[in-house]
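Participant: The following comprises the amino acid sequence and a computationally predicted model.
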Amino acid sequence: MTWEEFNQLDRIATLFVLPLGSTEQHGERLPLGTDHFFAEKMAEEIALAIPGSILMPTMNYGMSWHHTAFPGTMSISDSTYKLIIFDILCSITRHGFKKIFIANGHGGNHHSITDAITRVKALRNCEIANPLVDIATSNEFKQLIQAAFNENGVHAGAMEVSIMEYLFPNKPTLIKGAGCVTSIPNDAVWGQGTDSPEKWRELFPMGQKGNQKNSDPQKGKEIFDYITNKMVQIAKKMMEENS
Ligand SMILES: [Zn+2]
């Protein structure tokens, strides 16, 4: 699209879909790019479902300082990340566009994104959705994950492996074999480690907090569809309002 074509877009009836990911360790089996691959696939689903939507370029880096004790993790500082998201949102809304949907693939980005949205909304009349964490922390979702994998949707656990296996069935080099060591945390260390990168690596030496052996692409499809259906419903509602 050229800038002139962009300029022809309807200010009210266009939905900008922004995929936000990360580049961070995802345990023994998953690539560093897991969260941005996931974010982009979600964003594609939303863009396909909403007429008049624009799929924006994916942000491949995110706020991942808690994973930086693992080589390959590349993090943007929280304070910088807020500004980047703020600047992107401002660049869209300064030309009168009103509707933006954030397809975030990494929970660690959430607070920075929320902060950026709040400040953009203080300046511009716009609507910006960022529903990943609301969806992922709902009781319905937690029950779904618990029933499917007997774990709670932890970092790089069976859920993320399953989603990746479903999304990339023809890319075996992207997901390593199931014969992994797998460090399943015991109850004493569960939930710890997020405040210190070194502590995380000490407690979860392979990086994952869940059981990566326990993956199933069919379950991955169910979870992915659940999340994207919820997002599409929210996006459709945004497009109905003030349209
Ligand atoms: Zn992830």
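Facilitator: Cool, got the structure.
Participant: Leaving out chain neighbours, which residue sits closest to residue 111?
Facilitator: The spatial neighbour of residue 111 that comes closest, neighbours along the chain excluded (Cβ to Cβ, 6 or more residues apart in numbering), is residue 78 at 7.7 Å. C-beta: built from backbone N, CA, C; applies to glycine.
Participant: Where does the protein get nearest to the ion, which residue?
Facilitator: Per Cβ to the ion, the residue of the chain with the smallest distance to the ion is residue 35, at 4.2 Å.
Participant: Can you get me a residue count around that residue?
Facilitator: Residues within reach of residue 35, counting by other Cβ atoms under 10 Å, total 30.
Participant: buried set for the helix or strand containing it?
Facilitator: Using DSSP states H and E, residue 35 maps to helix 34-49. Buried residues in helix 34-49, counting neighbours by 16 or more other Cβ atoms under 10 Å, are found at 34-47, 49.
Participant: Could you point out the helix or strand that follows that helix?
Facilitator: Scanning forward in sequence from helix 34-49 by DSSP H and E, the next helix or strand is strand 53-55.
Participant: surely residue 32 meets residue 26?
Facilitator: Yes. Assessed by Cβ atoms under 8 Å, residue 32 is found in contact with residue 26 at 6.8 Å.
Participant: hmm, back to that, now that we're looking at the residue nearest to residue 111, which residues does it contact?
Facilitator: 63, 65, 111-112 (Cβ atoms under 8 Å, 6 or more residues apart in numbering).
Participant: Narrow these to those in helices?
Facilitator: The subset of the contacts of residue 78 located in helices under the criterion DSSP state H comprises 111-112.
Participant: Pick out the one among the contacts of residue 78 with the largest number of neighbours.
Facilitator: Taking other Cβ under 10 Å to define a neighbour, the member of the contacts of residue 78 with the most is residue 63, carrying 25 neighbours.
Participant: Could you list the low-pLDDT ranges of the protein?
Facilitator: Per-residue confidence of the chain (counting by pLDDT under 70) places the weak regions at 153, 178-194, 242-243.
Participant: If we use 90, what do you get?
Facilitator: Low-confidence segments of the chain, defined by pLDDT under 90, span residues 150-155, 170-174, 176-196, 199-214, 241-243.
Participant: Which residues of it lie near the ion?
Facilitator: Where proximity means Cβ under 5 Å from the ion, the interface of the chain facing the ion comprises 34-35.
Participant: Please enumerate the helices of the chain.
Facilitator: Taking DSSP H to define them, one finds helices in the chain at 3-7, 34-49, 78-93, 110-123, 132-136, 139-149, 158-167, 197-203, 217-240.
Participant: Which elements pack onto the last one?
Facilitator: Packing partners of helix 217-240 (3 or more Cβ pairs under 8 Å, 6 or more residues apart in numbering; DSSP states H and E): strand 15-20, helix 34-49, strand 99-104, strand 127-129, helix 132-136, helix 139-149, helix 158-167.
Participant: Convert the C-alpha atoms of the third one to CSV, please.
Facilitator: This means strand 99-104. These are the backbone C-alpha positions of strand 99-104, laid out as CSV (Å, rounded to 0.1, in the frame of the first residue of the first chain):
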residue,chain,number,x,y,z
LYS,A,99,-10.1,1.7,15.7
ILE,A,100,-7.1,-0.4,16.6
PHE,A,101,-7.0,-4.0,17.7
ILE,A,102,-3.9,-5.3,19.4
ALA,A,103,-3.2,-9.0,19.0
ASN,A,104,-0.7,-9.4,21.7
